[in-house]
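> this one's sequence-less:
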């Protein structure tokens, strides 16, 4: 049975379909069966295609590898939480996933590969996310290495402090069971 | 109409922000702090900015510059007084730009309503018995209730 929150979400979802004929949504649900609002886009510009190289140069100090080409189909949250199937962009939806999927927050010193990292804006929005591939150690000055997708652009393997997102305000999470 | 407003935007910086934006709120917050967006707001009237938005929305083809310009124009409005912008934003319906309504919705939900010039409010004058009397009966506060995005999109 749908709760009020889901009905509101579906209303928004329908409006999105009406308004964005160039996009579509798919069914994405949490462990608890709550729907997650999402969108798939299909358009990619020439600038998107070249932005990867530009960002690689600009953030070369922390980017270790460009992992994919630019893709309009999914964003960072879609990569982290929806196996690269769509864009998820509402903080409420991320919070719902964290709760329903039983993520628990992990201390930065205890982070392991496979944990996730969330970047929060100063106003509390989840502006970016990624998956840890190398945990913190003395060798990397306790800064983990992650895979994340930067907007419309590419997936990068990079140090967590590298990129246009708010690294001072990150939290780490893990599903333990 | 001055339809060259968009030439004042720092397109390189705004494009990069657009490219790495994972969420509408990220794009909104970053654009809002950009100097070229603030300058547009300072140097052009609200009506001129709205006219330029309408001009772009009438285009039959969209390229990335138009998208960047559209976002820049909308977000430049957020530096204008709320009372000037609110009614004008409600004109836009069935817009097919990615995140157009999401951005307007963020503005409506986060706007600081400090400009009361367009709103008639009840003024309570204390009387000597302490009960107070209402001098103005017309109350337009309801206009300040922030609507949901779908009101514009329907």
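That came through, no problem. Nothing here was measured: the structure is a model prediction, and the numbers come from that model.

> Next secondary structure element downstream of the helix or strand that contains residue B:28?
Using DSSP states H and E, the element containing residue B:28 is helix B:24-33. On the C-terminal side of helix B:24-33, the closest following helix or strand by DSSP H and E is helix B:35-43.

> Output the contacting helices and strands for that next one.
Using 3 or more CB pairs under 8 Å, 6 or more residues apart in numbering or on different chains; DSSP states H and E, the elements in contact with helix B:35-43 are helix B:11-20, helix B:64-77. For every residue, glycine as well, the C-beta is placed using N, CA and C.

> Just give me the neighbour total for residue B:90.
13 (other CB atoms under 10 Å in any protein chain shown).

> Quick check: phi and psi at it.
phi -70, psi -10 (degrees, to the nearest 10).

> What's the separation between it and chain A?
15 Å (CB to the nearest CB, to the nearest Å).

> For that residue, give me the pLDDT.
Looking at residue B:90, its pLDDT stands at 75.

> May I see the helices and strands packed on helix B:35-43 arranged in a markdown table, with mean neighbour count and distance to residue B:34 as well?
What follows is these, written out as a markdown table (neighbours: other CB atoms under 10 Å in any protein chain shown; distance: least, CB to CB, whole Å):
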| stretch | mean neighbour count | distance to residue B:34 |
| --- | --- | --- |
| helix B:11-20 | 20 | 6 |
| helix B:64-77 | 23 | 8 |
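
> export the ones you listed to TSV and tack on distance to chain A?
Formatted as TSV, the helices and strands packed on helix B:35-43 follow (distance: least, CB to the nearest CB, whole Å):
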stretch	distance to chain A
helix B:11-20	4
helix B:64-77	4
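
> Within its local environment, how many residues does residue 43 see?
This is for chain A. Look at residue A:43: counted by other CB under 10 Å, it has 13 neighbours.

> My question was about chain B, not that one.
11.

> list the contacts for the closest residue to it other than its chain neighbours?
Spatially, and ignoring its direct neighbours in sequence, residue B:43 is nearest to residue B:8 (7.5 Å; CB to CB, 6 or more residues apart in numbering or on different chains). When contacts are counted by CB atoms under 8 Å, 6 or more residues apart in numbering or on different chains, residue B:8 touches B:36, B:39, B:40, B:43.
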